[in-house]
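Student: sharing a sequence plus its predicted fold:
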Amino acid sequence: MPHHAWMLLACLGLGACTVGPDFVRPQSGLDDDWQLPAPADVRSAAVRLPIDSQWWNSFGDAQLSALIERAAAENLDVRGAFARLEQSRAARGMVAAEQGPELNAAAGYNRARSSQQGLNDPSGNAGRSAYSLWQGGLNAAWELDLWGRLRREVEAADANVQVAQEAQRDVLLAVLADTARNYIQLRATQNALGITRHSLEIARRSHALNQARLAEGVATQLEVAESAAQVAAIDARLPPLQQREAQLINALSLLLAQPPQSLKASLAGADMPAMPVGPAQVPVGLPSELAERRPDVRRAEATLHAATAEVGVAAGDFYPRITLSGDAGFQALQLGSLGWDARRFAFGPSLSLPLFDGGRLRGNLHLREARQQEAAIAYRKTVLTAWHEVDDALVAYQAQQRRQASLEQAVSQSHIALESAERQYAQGAVDFFNVLSVQNALLANQAERVDSAATASLALVDLYAALGGGWDQGEAP
């Protein structure tokens, strides 16, 4: 006996069954033997502690936390993702409704005339005159889901709802990370502006000193020209930084769905605003928890679940569809005759069985199976990519911590060198070229230190994003 015949007999005997493969949650392939980078001997280290879903608070910056909260509530991409989630829930409700019976009411009036040469005239006038037909009633239909085809459709719809939910969380996580990145870059730019302005004051004082020494006949015109060039060169660094500051404020305004420069007053701050700094210990959890936290991994798993259920839907198309239908109502040639004697009804089952379709159903089944295989491969790649992103972010954060420690020493020594050079130049022990050289070295080291601090903070944001933190167990507020 063919396989389908055995399946038919089994389903009829059991009352119902579900065709197609059952979804089995895939193994993530992540284990807890993940080797964390060796802790740097400065500031902070990664530890295997549960991560904080609201990781932005660990920077200790109230303004950053406020911006994050606003972005989560007001960002248009997050709102759009939530609208798509609502669409998927509505689509799921439509699919689930197909499991139950369908009941419709109908009523109508027709003025008609039949042909005198036709086969039938319900009015009994043999087509010699027009007649009226009044009717009304109820009709119902219910498909018996003996093979589980409809249940597989609902299962696929449930998985697609989860796909949309994880997509919304993914958008939310990206918006939170982008908000933090833009804020950190803004603070770094504002710090660079403060350092440049301070260096400009030093250069102007040196230039004023050279002009005074020139008037006294101690300095040369060359030294005055060199100090003037230094002032102009440092002053030229301000416009690009100011442009960058305005662009970053605009970027944050867009993330909060605000018009350009609407946050300028609240984000301008002092010349040297505090740079966000990371916590003393960075909790990273366990590698095996990535599949539970990261929305892209959970979305890939839900996509695989939907693809598996779709295989069952395609397999169910090979089996007969049995529908129970009924129709009851009243019909009369006169409106006043619509009484109990004008009743009518019809009911009974109908069966539809595919016999020949030229291979369409077989091709559809192979298509769904191939999509399931692709979804399984995509899941594995998503997990592996997540693992790499976390490891890269950890290495980057540790490297920037070590770099920042060295740059702080360089800045400290450059300050000492500049004070010494200025003092010796005032005493006539060295020429002005030494002062210029030390000033440029100090400015370069200060810029490098700000860049390192910003890069370390950005690497920490990337790490938290790679770990899947940020309202990861629920929807956006």
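Tutor: Sure, I can see it.

Student: from here on, just use CA atoms for contacts and neighbour counts.
Tutor: OK.

Student: what are the buried residues along stretch 58-69?
Tutor: For stretch 58-69, a neighbour-count test (16 or more other Cα atoms under 10 Å) marks 58, 59, 64, 65, 67, 68, 69 as buried.

Student: ok, of those residues, which one's closest to residue 292?
Tutor: residue 58 (21.8 Å; Cα to Cα).

Student: sec struct for the closest one, please.
Tutor: helix (DSSP: H, G, I helix; E, B strand; the rest coil).

Student: from what I see, it and residue 281 are in contact.
Tutor: No. Taking contacts as Cα atoms under 8 Å, residue 58 lies outside contact range of residue 281: 9.8 Å.

Student: next step: the buried residues of stretch 58-69 restricted to helices.
Tutor: 64, 65, 67, 68, 69 (DSSP state H).

Student: can you list contacts of stretch 117-131?
Tutor: For stretch 117-131, the surrounding residues in contact (Cα atoms under 8 Å, 6 or more residues apart in numbering) are 111, 112, 113, 114, 115, 116, 333.

Student: coming back round to it: quickly list what's touching both of residue 58 and residue 281.
Tutor: By Cα under 8 Å, 6+ apart, no residue touches both residue 58 and residue 281.

Student: so the residue nearest to residue 192 when sequence neighbours are not counted is in which element?
Tutor: Closest residue to residue 192 apart from its sequence neighbours, by Cα to Cα, 6 or more residues apart in numbering: residue 447 at 6.3 Å. Using DSSP states H and E, residue 447 falls within helix 432-467.

Student: I figured residue 314 was touching residue 367, is that so?
Tutor: No. Using Cα under 8 Å as the test, residue 314 is too far from residue 367 to be in contact (9.1 Å).

Student: between the two, which has more neighbouring residues?
Tutor: Set residue 314 next to residue 367 and count neighbours by other Cα atoms under 10 Å: residue 314 wins out with 23 against 15.

Student: okay, buried residues for stretch 386-400 please.
Tutor: Neighbour-count burial for stretch 386-400, counted by 16+ other Cα under 10 Å, picks out 386-387, 389-400.

Student: so of the residues you listed, which ones are in strands?
Tutor: Among the buried residues of stretch 386-400, DSSP state E puts none in strands.

Student: got CSV for those residues, with pLDDT and distance to residue 236 too?
Tutor: Putting those into CSV (pLDDT from 0 to 100; distance: Cα to Cα, whole Å) gives the following:
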residue, pLDDT, distance to residue 236
386, 88, 42
387, 86, 44
389, 88, 38
390, 85, 39
391, 84, 40
392, 87, 36
393, 85, 35
394, 83, 36
395, 84, 35
396, 85, 32
397, 83, 32
398, 81, 34
399, 83, 31
400, 81, 28
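
Student: can you give me the buried ones in stretch 245-257?
Tutor: 245-257.

Student: so which of those is the closest to residue 207?
Tutor: Nearest member of those to residue 207, counting by Cα to Cα, is residue 245, at 28.4 Å.

Student: ok, the closest one - contacts?
Tutor: Contacts of residue 245 by Cα under 8 Å, 6+ apart are 186, 189, 190.

Student: residue 156 too?
Tutor: The contact partners of residue 156, by Cα under 8 Å, 6+ apart, come to 305, 306, 307, 308, 309, 310.

Student: surely the third one meets residue 370?
Tutor: No. The pair formed by residue 307 and residue 370 falls short of the contact definition of Cα under 8 Å, at 9.2 Å.

Student: so for these two, which residue has more residues nearby?
Tutor: When residue 307 and residue 370 are compared for neighbours, residue 307 comes out ahead with 25 against 14, by other Cα under 10 Å.

Student: can you tell me the helix or strand for the more buried one?
Tutor: For residue 307, the host element (DSSP H and E) is helix 295-316.

Student: in the helix or strand following that helix, what counts as buried?
Tutor: Next along the chain after helix 295-316, taking DSSP H and E as the criterion, comes strand 321-332. Of the residues in strand 321-332, 321, 322, 323, 325, 326, 327, 328, 329, 330, 331, 332 count as buried by neighbour count, 16+ other Cα under 10 Å.
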